[in-house]
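Visitor: fold the following.
(2 chains)
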Amino acid sequence: MASSSSSSKTGLKKMLTLKSSDGDEFELEESIVIQCQTIKHMVEDGFSLIPLQNVDTKTLTKIIEYMKKHAEKTESNKEEIKNFNKEFVKGSFDDQFELVSAANYLHINGLMDLLCQSIADRINNKSVRAVREIFNISNDYTPDEEEKVRDEHKWAHEGGEFDESLD
Amino acid sequence: MGIHVIMEILSKLPVRSLPRFKCVSKFWKALIINRYFKKNHFNHVKNDRNSQKLLICLLCLRDDKYSMYYCHLSPLQQVEDVQELDCPSISILVQCLIYYCDGLVIIEASDIIDSARLILFLFNPSTRESIVLPDSEFPWEPSCLGLDYDSTSGEYKILKVYDDLPNRKLPSEILALKGGS
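Guide: The predicted model follows:
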């Protein structure tokens, strides 16, 4: 923190360029980008242009938005960050899956936790069928096998309706 | 989506949803019953105050049987969300001695056919899974039990210590629960 504030005073912010899989380049301060462990290691190895082949422009823009906001985190703006996080996880499942895969690849632990928790909360009351659709998983059980797995924990499938919606 | 990401998402689910999601696919089932996943999941919920629950045994005087109830201790959950648990099927709970550790309990119950025979169960109220523990060497002797996690071997162990009666000394027994089931 001390070094970044003193360098900004002197105007000597170290800048890095992130390049998405679509070829778009984003220039950012090093102090923002090093929240991401993967990039931090590349910076330590002397890279200043960082190609991210697994992250498209749309996803990278969102991730940069997250990193910028979280770089501003202090003791006094906790509520603001909380509200930002709440808005951040509101997208469709497909967008969230893109983001969580990128957060995993880039090793941004805070973002990974945030996204996984929000996805878990959203699928918690979903039916098995809805979860398959959302994750694009084909059912590889035969009807008999599925019945058997269901019978192992009958209680888990009872007690109220499960949500069939896909959003 | 990579396996690591799916594991991370599943590890954020409350334990009561996991048995249901075993039905999603064979792969999800394999992930959920994986020993490493279980440990990871447990470490996550252990420190989460909203996951704390209370297990209650009530004696019904009418038929002299115990019932078990399970409810959340979290202020976020409604008090009405109390689940009645079936005790393991081959037994009747006629006496309720409970020993617990990390959300696992040992329950002493009577055999449904031979009510004089006592059975010990290891029971996980969250997943409602139970196993019958093997009979001990001296089932009739007065004793007390202990259950704890042995971090050196990574397994739960049960210790049975017999009361020290005059003229007789019975050895203590230790049962190691392997395989994380």
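
Visitor: list the helices and strands the helix or strand where A:Met42 lies packs on?
Guide: Using DSSP states H and E, A:Met42 sits within helix A:37-44. Other helices and strands packing on helix A:37-44, by 3 or more CB pairs under 8 Å, 6 or more residues apart in numbering or on different chains; DSSP states H and E, are strand A:15-19, helix A:30-33, strand A:49-51, helix A:93-106. In this view, the C-beta of every residue, glycine as well, is placed from N, C-alpha and C.

Visitor: that one: how far from the chain's middle?
Guide: What separates the centre of helix A:37-44 from the centre of its chain is 18 Å, taken as CA atoms, centre = their mean, to the nearest Å.

Visitor: got the residues of chain B near chain A?
Guide: Applying CB under 8 Å from any CB of the partner chain, one finds that chain B approaches chain A through B:1-2, B:4-6, B:8-14, B:16-17, B:19-29, B:83, B:86, B:127-128.

Visitor: among those, name the buried ones.
Guide: By neighbour count, with 16 or more other CB atoms under 10 Å in any protein chain shown, the residues of chain B next to chain A hold B:5-6, B:8-14, B:16-17, B:19-25, B:28-29, B:127-128 as buried.

Visitor: give me the subset of the residues you listed lying in strands.
Guide: Taking DSSP state E, every one of these sits outside strands.

Visitor: can you tell me which of those end up in helices?
Guide: Counting by DSSP state H, the part of those found in helices is B:Val5, B:Ile6, B:Glu8, B:Ile9, B:Leu10, B:Ser11, B:Pro19, B:Arg20, B:Phe21, B:Trp28, B:Lys29.

Visitor: and the two most separated of the residues you listed?
Guide: B:Val5 and B:Pro19 (21.4 Å; CB to CB).

Visitor: SS state for the nearest residue to B:Lys26 once chain neighbours are set aside?
Guide: Leaving aside its sequence neighbours, B:Lys26 sits nearest to A:Asp140 (CB to CB, 6 or more residues apart in numbering or on different chains; 5.2 Å). Assigned by DSSP: H, G, I helix; E, B strand; the rest coil, the conformation of A:Asp140 is coil.

Visitor: just list the residues touching A:Asp140, thanks.
Guide: Residues near A:Asp140 by CB atoms under 8 Å, 6 or more residues apart in numbering or on different chains: B:Ser25, B:Lys26, B:Phe27.

Visitor: backbone dihedrals for it, please?
Guide: Reported as degrees, to the nearest 10, the phi and psi values for A:Asp140 are phi -100, psi 10.

Visitor: and the gap between it and A:Glu146?
Guide: Distance of A:Asp140 to A:Glu146, given as CB to CB, to the nearest Å: 10 Å.

Visitor: in chain A, what residue sits furthest out from the centroid?
Guide: Most distant from the centre of chain A: A:Asp144, at 37.0 Å, with distances by CA atoms, centre = their mean.

Visitor: do the helix or strand where that one lies and chain B meet?
Guide: A:Asp144 belongs to helix A:143-152 when elements are defined using DSSP H and E. Yes. Residues of helix A:143-152 are located near chain B by CB under 8 Å from any CB, namely A:Glu146, A:Val149, A:Arg150, A:Glu152.

Visitor: who touches that helix?
Guide: The contact list for helix A:143-152, computed with CB under 8 Å, 6+ apart, reads A:Asn139, A:Tyr141, A:His157, B:Pro19, B:Lys22, B:Cys23, B:Lys29.
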